[in-house]
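Chemist: pasted the sequence and its predicted model underneath.
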Protein chains: 2
Amino acid sequence: MTIAAALDELSAVLGDALTRSKSDLDLHGRSESYLPDLPPDAVAYPDSTEQVAQIVQICARHGCPVTAWGTGTSLEGQSQALHGGLCVDFTRMNRVLQVNQADMDVRVQPGVTREALNEELRATGLFFPVDPGANASLGGMASTRASGTTAVRYGTMRDNVLGLEVVLADGRVIRTGTRARKSSAGYDLTGLFVGAEGTLGLITELTLRLHGQPEAVTSAVCGFATIHDAVATVIDTIQIGIPMARIEFVDTETVCAVNTFSHTNLPEMPHLLIEFHGSDSAVAEQAESFGAVVAEHGGEGFQWAARAEDRKALWTMRHNAYYAILASRPGCRSIVTDVCVPISNLARAVEETIEDLKENNVSGPILGHVGDGNFHAILMFDPADQAEAARAKAAAERMVSRALDLGGTATGEHGIGIGKLDYMEREHGESWQIMGDIKSALDPQGLLNPGKTVPARR
Amino acid sequence: MTIAAALDELSAVLGDALTRSKSDLDLHGRSESYLPDLPPDAVAYPDSTEQVAQIVQICARHGCPVTAWGTGTSLEGQSQALHGGLCVDFTRMNRVLQVNQADMDVRVQPGVTREALNEELRATGLFFPVDPGANASLGGMASTRASGTTAVRYGTMRDNVLGLEVVLADGRVIRTGTRARKSSAGYDLTGLFVGAEGTLGLITELTLRLHGQPEAVTSAVCGFATIHDAVATVIDTIQIGIPMARIEFVDTETVCAVNTFSHTNLPEMPHLLIEFHGSDSAVAEQAESFGAVVAEHGGEGFQWAARAEDRKALWTMRHNAYYAILASRPGCRSIVTDVCVPISNLARAVEETIEDLKENNVSGPILGHVGDGNFHAILMFDPADQAEAARAKAAAERMVSRALDLGGTATGEHGIGIGKLDYMEREHGESWQIMGDIKSALDPQGLLNPGKTVPARR
């Protein structure tokens, strides 16, 4: 068998850095998604690019599938071994290699997590802004084209990866990009590998763009009578050009779950959470301008949190919303799905989704990064209740369908993996085949994360 | 002959929209570069995507090369017909199709120029910020991944193209991207076509990101004793996080040329030109903070131009610098080259270049978008003096070589075309072959803008 032969050879080369223990395989077969477990046949823990290249060469020779693993926090089954084979776990490649203070960039290995990087940067006055919530690995975040609460100001991984080192399907090692801030020198290969979910190559090093820690930060929270009012506030704020660092929406159901979980007492209505970064006076001015917009749309209970501990409480509450929602129904599982639409269609997309969920008896709080038109639903179901699971799945499908009808995308930040493969043809049409052509050109054997992202071939 | 057969068939289909007049061929064989004229065999003027698709299908059937043409302002021979064949001139596809005010985006045909777009947007409170100087077509700007003076604040074409419609090498029409602000749905094909210089497909429609016209704008100019002081000012300004909308460097030689051409009397020393966008008070605060940084580095003659007409004069002077430089030596031709380096290496790159030019008796003023680490040299030579032309060419080569040694790129914004093909292997190593693999996958006959950007194959 090809996989067995590959693993024998890998075992001889890697020794202890290759495991086939049941607990390790089980761990690497799981995901934070609703998808079934799909364990690999073995897990490798390389500690250098050379070792990754060697691993991939061996796998290529034997036709053994290779799937990369960061922290396992992806939500659409991106890291699961759909066709078995080898899981390459980047945990041991977790060094921050070089901080360039004057250029505000950093070279890291893919296993560094975003929190570890920011810990390392603390004394420099710089930070890495992309924040998907989970303490994901930077390699994984690049592969999923992750974003999160701060994308409205600082962009997504697409905007913050300057260059990559990548091991290709045949074991060749390439570098993409430079440390220059921009380039017109040929195809944007960096941008191609970012978001490719490990189907075109394994990222073994990243050069990331850093940003200056803001002089002043202030946050606020306020409630609105309707979702429409909340979204209209966001649109006006963007149009006026007030530079938000974060602007988050939570619906009434999320507020209820958060109140219970975090012992807060927010009024039970849709809310916006907002943050500004800048100089003291710029932040004060932005806060004032934003306050005026909020008032125009009847916002209530508007309160600034200029103190660091109040801000921390606010964003901890937001980041814990997912756990708050799950805790609201012990024992449930959930489909955590996200879509992104043009912001002019955001209120409609959210309102129609809430109505749909109510009509179809699906429990699914909604929250999201409204400055980008991006929102999530956490569709809960009892794993023992197949009918409810089916209702949740169907509602998720209609949510995507609605987003595509409104000029949006099937996923703003969670990616495709296995979970959203069915929508690719509808979203991209013939372009999906072009993605398949690129995959075939770079990985003709189809060994890198097979079954994900692109059309099935061969 | 294959080209002849294609042109016969095209002529029957296109009628007057295909020309083979000598004047038209000559016009489309020229470029703003120092490269020799390379006229196509015919020029087509399509007025719809369907017509472009039909044209490409015919060319594909007969193996006829196809090169796209916007306004002919590219600087590395991108639009020249290296292997003859058909030039597709997008002049007639110049409609602004749809302005979406709430979403701050616009759909345009590729022949719309950036000035025409901004004229159309004037009443909306929005604008398209990318400004490479020349009044280029938006299709061409996307294909070259153009940027310019405002990239430091608003990004390059990479950051401002949300989606594309593209005619592929076999005539299929695809759409990439959506109107959503971000997406994790598969490979970033939009990013792949942006900067591909028409070698992967012909762009027939673009969805562009727009920005709000700033409430207040203020500009300034100031001189520095040394290039090092000017660049140190830029680095400090970035590190402090003062959000510049433009920050431009001109060397002493450029200042002299500008003084003569524009009847100004700037002191003969290196200068920075800067602009801030924001609210009245934000701009005032930024100006004050920047003034403090300038003072620290001994900046002289610092003056704000808050009045629109003074600002216009300032930036007209900057945009005319190229013509001012050429006018300083009537009858000369020039190699207009650009490189981009990490900003920590910018002072060194500029200083070493100036020294090199002096040593080798090459006349070449330097100016650039220093906030990005991007600078230009305009290397002048007498077209009748082959030795001088050779010295200019050799100096341009060393300039690129120096940029690559300093961790930069062979071109920040002018692109590769024919002129910089020789540096691709050195900059990208094996990655250049991957670009070639992608080209072969999407254009197996090699008919789209052949001889540009990627390695020669077949």
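Modeler: Arrived safely.
Chemist: every contact and neighbour count from this point should use C-alpha atoms.
Modeler: Noted.
Chemist: in the stretch 1-150 of chain A, which spans are strands?
Modeler: Taking DSSP state E, counting those that start in this stretch as the criterion, the stretch 1-150 of chain A carries its strands at A:18-19, A:42-44, A:66-69, A:86-89, A:96-100, A:105-108, A:126-127.
Chemist: longest helix anywhere in chain A?
Modeler: In chain A, ranked by residue count with DSSP state H as the criterion, the top helix is helix A:386-405.
Chemist: just the pLDDT for the closest residue to A:Gln78 other than its chain neighbours.
Modeler: With Cα to Cα, 6 or more residues apart in numbering or on different chains as the measure, A:Gly417 is the residue that lies nearest to A:Gln78, at 4.2 Å, once sequence neighbours are left out. pLDDT recorded at A:Gly417 is 95.
Chemist: with A:Arg311 instead?
Modeler: Per-residue confidence at A:Arg311 stands at 82 (pLDDT).
Chemist: does it touch A:Ser219 like I think?
Modeler: Yes: applying Cα atoms under 8 Å, one finds A:Arg311 in contact with A:Ser219, separated by 6.0 Å.
Chemist: of the two, who's got more company?
Modeler: In this view A:Arg311 and A:Ser219 are compared by other Cα atoms under 10 Å in any protein chain shown, and A:Ser219 has more residues nearby, 25 against 19.
Chemist: in a strand, that's where the more buried one is, yeah?
Modeler: Yes: read with DSSP: H, G, I helix; E, B strand; the rest coil, A:Ser219 is one of the residues of a strand.
Chemist: ok, the residue lying closest to it once chain neighbours are set aside to A:Gly371 distance?
Modeler: Excluding the flanking residues, the one nearest A:Ser219 by Cα to Cα, 6+ apart is A:Glu275, at 4.2 Å. For A:Glu275, the distance to A:Gly371 equals 12 Å [Cα to Cα, to the nearest Å].
Chemist: common neighbours of those two, please.
Modeler: Between them, A:Glu275 and A:Gly371 share these contacting residues under Cα atoms under 8 Å, 6 or more residues apart in numbering or on different chains: A:Arg246, A:Ile247.
Chemist: quick one: pLDDT of the closest residue to chain B within the stretch 101-250 of chain A?
Modeler: Proximity to chain B, evaluated over the stretch 101-250 of chain A using Cα to the nearest Cα, is greatest for A:Ser183 at 4.0 Å. On pLDDT, A:Ser183 comes in at 97.
Chemist: can you get me a residue count around it?
Modeler: For A:Ser183, the count of nearby residues is 31 (other Cα under 10 Å).
Chemist: hang on, isn't the residue nearest to A:Ser219 packed against A:Ala245?
Modeler: Yes: the pair A:Glu275 and A:Ala245 qualifies as a contact (Cα under 8 Å) at a distance of 5.4 Å.
Chemist: so which of the two has more stuff around it?
Modeler: For the pair A:Glu275 and A:Ala245, the greater number of neighbours falls to A:Glu275 (25 against 21), based on other Cα under 10 Å.
Chemist: check the gap between that one and chain B for me.
Modeler: As for A:Glu275, its distance to chain B is 17 Å (criterion: Cα to the nearest Cα, to the nearest Å).
Chemist: now that residue: how far from A:Val221?
Modeler: When distances are taken as Cα to Cα, A:Glu275 and A:Val221 turn out to be 9 Å apart.
Chemist: residue contacts, the residue most central in space within chain A?
Modeler: With the centre of chain A defined as its mean C-alpha position, the nearest residue by Cα atoms, centre = their mean is A:Ala146, 3.5 Å away. For A:Ala146, the residues meeting the contact criterion (Cα under 8 Å, 6+ apart) are A:Val130, A:Pro132, A:Thr156, A:Met157, A:Gly195, A:Glu413, A:His414, A:Gly415, B:Ser184.
Chemist: how about 10 Å then?
Modeler: In this structure, A:Ala146 makes contact with A:74, A:130-132, A:136, A:138, A:140, A:155-158, A:194-195, A:412-415, B:182-184, judged by Cα atoms under 10 Å, 6 or more residues apart in numbering or on different chains.
Chemist: where do the strands of the stretch 301-450 of chain A begin and end?
Modeler: In chain order, the stretch 301-450 of chain A shows strands spanning A:333-340, A:366-369, A:374-381, with DSSP E, counting those that start in this stretch as the criterion.
Chemist: what's the closest of those strands to chain B?
Modeler: strand A:333-340 (5.8 Å).
Chemist: just to revisit the earlier point, what residues are shared contacts of A:Glu275 and A:Ala245?
Modeler: Contact criterion Cα under 10 Å, 6+ apart; residues shared by A:Glu275 and A:Ala245: A:Thr149, A:Thr150, A:Val217, A:Thr218, A:Ser219.
Chemist: what sits against the second one?
Modeler: Same thing as A:Thr150. Contacts for A:Thr150 (Cα under 10 Å, 6+ apart) come out as A:129-132, A:156, A:244-248, A:275, A:369, A:371-372.
Chemist: which element is the residue nearest to A:Ser219 on?
Modeler: For A:Glu275, the host element (DSSP states H and E) is strand A:271-278.
Chemist: re the thing from before, from the shared contacts of A:Glu275 and A:Ala245, which is closest to A:Met399?
Modeler: Comparing these against A:Met399 with Cα to Cα picks out A:Thr149 as the nearest, at 20.9 Å.
Chemist: what pLDDT is listed against the closest one?
Modeler: According to the predicted model, the pLDDT of A:Thr149 comes to 92.
Chemist: again, but for A:Arg458
Modeler: Per-residue confidence for A:Arg458 comes out at a pLDDT of 56.
Chemist: taking strand A:271-278 as reference, get the angle to the helix or strand hosting A:Ile235.
Modeler: A:Ile235 is located in helix A:227-240, with elements delineated by DSSP H and E. With axes from the mean of the first three to the mean of the last three Cα atoms, to 10 degrees defining the directions, helix A:227-240 sits at 20 degrees from strand A:271-278.
Chemist: need the next SSE after helix A:227-240, C-terminal direction.
Modeler: strand A:244-250.
Chemist: domains for chain A, by residue range?
Modeler: Here the domain parsing of chain A from automatic domain parsing is A:2-91, A:96-212, A:216-322, A:329-424.
Chemist: okay, those, which one's buried deepest?
Modeler: Stretch with highest mean neighbour count among the domains of chain A: domain A:96-212 (a mean of 23; mean count of other Cα atoms under 10 Å in any protein chain shown).
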